[in-house]
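Asks: dropping a prediction and its sequence here:
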Amino acid sequence: MKVTTARLTQHVLTAEGGTTGEPVLFVHGNVSSAAFWRDAMAALPEGFRPLAVDLRGFGDTDPVPVDATRGLRDYSDDLIELVEALGLDRVHLVGWSLGGGIVLQLLRDRPAAVGSVTLVNPISPYGFGGTEGPDGRLTHPDGAGAGAGAANPDFVARLQAGDLSDESPTSPRSVFRSAYVNNRPIPDEDFYVRAMLTTRVGESHYPGDAAGSDAWPHVAPGKTGVLNAAAPTHFHLADLHEIDPKPPILWIRGADDVIVSDASLFDLAHLGALGVVPGSPGTPAQPMVSQTRAVLERYGPYREAVLDDCGHSPHLEHPEQFARLLAEHLKEA
């Protein structure tokens, strides 16, 4: 269905017969769409109403430009208006990867509207790239190492071209296999790759406008687009523990994730340490998982569930275990 608010028109997936019960809003990650939640929505127990939204610039939602200087608030404010337009007093939030950061921002801004939060391999509360240590301190004041300039240009070009092949390690299909699902065969792989290709490409969306830096690796966050919105100079939630009320948080993550990790293969600092990106002065990798844990420990009511033999997408790689963990969390909340 399509829901129009003052901000934009958003496309929302629903499950057949799912018109009653406590609403559960699923929020997808970067370079994907609401389609990634298809099976998780269908697996929800009775008493819950599944909704999955295409974020701006993804799927069939309006490609309204992203103001990265607001961090992830363009996305989270869209969701707040969606919830209000649907007449929902309280929602359970499920956020994967980038969507995890978005639902945390919504929680930070509107805690009373949230019944529970489930984070699925979320980005760090200190953004993606450009920080070090569990306290998320900036490696350089300008956020060097984060932002749109960190995107692989060949992947961006293939995404824009709608490449469905696996001829290159940087094609969307190859990235899905190697990074999203840890080289695990996934039924309907083509369905998910086509969902990745709904990503709008450009300075206003993915990856955003690139900026330079005097500090290695000589890229810094710009002012528009998704990767800049997730950069630590624009997005940081060190004060999440100050909100009231504090709904319970379940953190589900794959033990073998190579995207969100303390040694991420998508972090330029770690790639520099490996010698993949030349010239590294020894900048440490961003400890993404450790940063999330530190923020959640200050927050209080949370539980961490680590799935073995699992990469970045527990809901695709271990759907039955994921569905069980989510159902238990929702019922307890």
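Replies: Sure, I can see it. Residues are numbered from 1 along each chain as shown.
Asks: what sits closest to residue 1 if chain neighbours are left out?
Replies: residue 12 (5.4 Å; C-beta to C-beta, 6 or more residues apart in numbering). Yep, even glycine has a C-beta here, placed from its N, CA and C like the rest.
Asks: neighbours of that neighbour, just the number please.
Replies: A total of 20 residues lie near residue 12 under the criterion other C-beta atoms under 10 Å.
Asks: isn't it right up against residue 51?
Replies: Yes. Look at residue 12 against residue 51 with C-beta atoms under 8 Å: they come within range, at 5.5 Å.
Asks: tell me the phi and psi of residue 306?
Replies: phi -110, psi 120 (degrees, to the nearest 10).
Asks: contact partners for it?
Replies: 253-255 (C-beta atoms under 8 Å, 6 or more residues apart in numbering).
Asks: just those now: which is nearest residue 170?
Replies: The shortest approach to residue 170 among the contacts of residue 306 belongs to residue 254, at 21.8 Å (C-beta to C-beta).
Asks: now that closest one, nearest residue through space, not along the chain?
Replies: residue 310 (3.3 Å).
Asks: related to what we said a few turns ago, report the buried members of the contacts of residue 306.
Replies: Burial by neighbour count, 16 or more other C-beta atoms under 10 Å: within these this picks out 253-254.
Asks: adding pLDDT, write the contacts of residue 306 out as JSON lines.
Replies: Formatted as JSON lines, these follow (pLDDT from 0 to 100):
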{"residue": "253", "pLDDT": "98"}
{"residue": "254", "pLDDT": "98"}
{"residue": "255", "pLDDT": "98"}
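Asks: and the residue nearest to residue 1, what pLDDT?
Replies: pLDDT, residue 12: 98.
Asks: just say helix, strand or coil for it.
Replies: Three-state call for residue 12 (DSSP: H, G, I helix; E, B strand; the rest coil): strand.
Asks: elements contacting the helix or strand where residue 290 lies?
Replies: Assessed by DSSP states H and E, residue 290 sits inside helix 288-299. If you count contacts as 3 or more C-beta pairs under 8 Å, 6 or more residues apart in numbering; DSSP states H and E, helix 288-299 packs onto strand 249-254, strand 302-307.
Asks: how about a cut-off of 6 Å?
Replies: Using 3 or more C-beta pairs under 6 Å, 6 or more residues apart in numbering; DSSP states H and E, no helix or strand is in contact with helix 288-299.
Asks: run through who's touching it.
Replies: 124-126, 134, 136, 240-241, 260, 262, 302 (C-beta atoms under 6 Å, 6 or more residues apart in numbering).
Asks: any idea how far it is from the chain center?
Replies: How far helix 288-299 lies from its chain's middle: 16 Å, per C-alpha atoms, centre = their mean, to the nearest Å.
Asks: please apply the same query to stretch 105-125.
Replies: So, by C-alpha atoms, centre = their mean, the centroid of stretch 105-125 is 12 Å from its chain's centroid.
Asks: and stretch 61-73, by the same measure?
Replies: That offset, for stretch 61-73, works out to 14 Å (C-alpha atoms, centre = their mean).
Asks: rewinding a little: how about the contacts of residue 306 in a markdown table, adding distance to residue 246?
Replies: A markdown table is the format used below for those (distance: C-beta to C-beta, whole Å):
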| residue | distance to residue 246 |
| --- | --- |
| 253 | 21 |
| 254 | 26 |
| 255 | 27 |
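Asks: those helices in the stretch 201-333 of the chain, which residues are they?
Replies: Ranges of helices in the stretch 201-333 of the chain, per DSSP state H, counting those that start in this stretch, are 226-229, 268-273, 288-299, 314-317, 319-332.
Asks: picking up where we left off before, export the helix holding residue 290 as PDB, just CAs?
Replies: Provided in PDB are the C-alpha atoms of helix 288-299 (Å, rounded to 0.1, in the frame of the first residue of the first chain):
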ATOM      1  CA  MET A 288      31.500  -1.400  15.600                       C
ATOM      2  CA  VAL A 289      30.100  -4.300  17.600                       C
ATOM      3  CA  SER A 290      32.000  -3.200  20.800                       C
ATOM      4  CA  GLN A 291      30.600   0.300  20.300                       C
ATOM      5  CA  THR A 292      27.000  -1.000  20.100                       C
ATOM      6  CA  ARG A 293      27.500  -3.100  23.200                       C
ATOM      7  CA  ALA A 294      28.900  -0.200  25.200                       C
ATOM      8  CA  VAL A 295      25.900   2.000  24.300                       C
ATOM      9  CA  LEU A 296      23.400  -0.700  25.000                       C
ATOM     10  CA  GLU A 297      25.000  -1.600  28.400                       C
ATOM     11  CA  ARG A 298      24.500   2.000  29.400                       C
ATOM     12  CA  TYR A 299      21.000   1.900  28.100                       C
END
